[in-house]
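Q: pasting the sequence and the predicted model now:
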Amino acid sequence: MTALMTLQNASVKFGAQTALAACSLSIAKGERVALLGANGSGKSTLLRLLHGQQKPSSGEQISHTDARQVMVFQQPHMLRLSALWNVTLALWFAGQSWAAAQANAREALSSMGFAGIMQRNARAMSVGQRQRLALVRAWALRPDILFLDEPTASLDPKARRDVELLIQQFADSGCTLVFASHNLGQAKRLATRVIYLEQGKLLVDLPTKDFFNKELPNDAALFLQGERV
């Protein structure tokens, strides 16, 4: 499989605190990778490092491609404008003409179920709607790699299902996914590979089926049993 990015003994430190320790891995084209672990385990740091938003304190982060990358945060920022303008501006800043940006924004919003509310102020939408809008904005940018940080945290079951359906559309289109999550069911449904972190260390890296069905190191097994949060 074609490697899109590689970490070689990459560590991240914030002062005396080690957030990620000597991490080595590669992400291949078309993979759907779930980053699991308790709070403070290093998931978000690893996500930002892979995306290039965070520089390693030591080791290397190597990109093997100029593929378009997009990251959707746990609490995505929305301008105090309509859903249509939020998506249109993202496309315009990405280099599209204003006319093309507006037309493509309308198309993306309509195809993702926002046809009737694209003029609504994005800041007035529910948490679940804003998360879906962030994914529509990402979809309109046509990324090759999508990074997601806890994409359904604090959402109710219906909103969670709606967001997961949109994420599945990215996967079905061939987009490479890397997402941090606490949700084991979500990892089972969406991921082809699971990386488990514990206190900044990469403890397990397995295909999803093996992660949930084979014997794991004690810390990872306790996480599956709900003993790590």
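A: Received it, and whenever you're ready, just let me know what you need.
Q: use CA for all of it now, contacts and neighbours both
A: Fine.
Q: report the beta-bridge partners for Pro207.
A: Per DSSP bridges, the residues bridged to Pro207 are Arg193.
Q: in this structure it contacts Thr192, no?
A: Yes - under the criterion of CA atoms under 8 Å, Pro207 makes contact with Thr192 at 5.8 Å.
Q: mean confidence score for the helix ranked longest in the chain?
A: Across the chain, the longest stretch assigned as helix under DSSP state H is helix 157-172. What helix 157-172 shows for mean pLDDT is 91.
Q: what is the subsequent helix or strand relative to it?
A: strand 176-180 (DSSP states H and E).
Q: adjacent strands (with direction) for that next one?
A: Strand 176-180 is paired, per DSSP bridges, with strand 32-36 (parallel), strand 145-149 (parallel).
Q: so the first one versus helix 157-172, what angle?
A: Right, strand 32-36. 140 degrees (axes from the mean of the first three to the mean of the last three CA atoms, to 10 degrees).
Q: any idea which helix or strand comes after strand 32-36?
A: helix 43-51.
Q: helices or strands next to that following helix in the packing?
A: Contacts defined by 3 or more CA pairs under 8 Å, 6 or more residues apart in numbering; DSSP states H and E place helix 43-51 against strand 3-14, strand 17-28, strand 145-149, strand 176-180.
Q: for Asp162, find the nearest of those.
A: In terms of CA to CA, the element of the helices and strands packed on helix 43-51 nearest to Asp162 is strand 145-149, at 15.1 Å.
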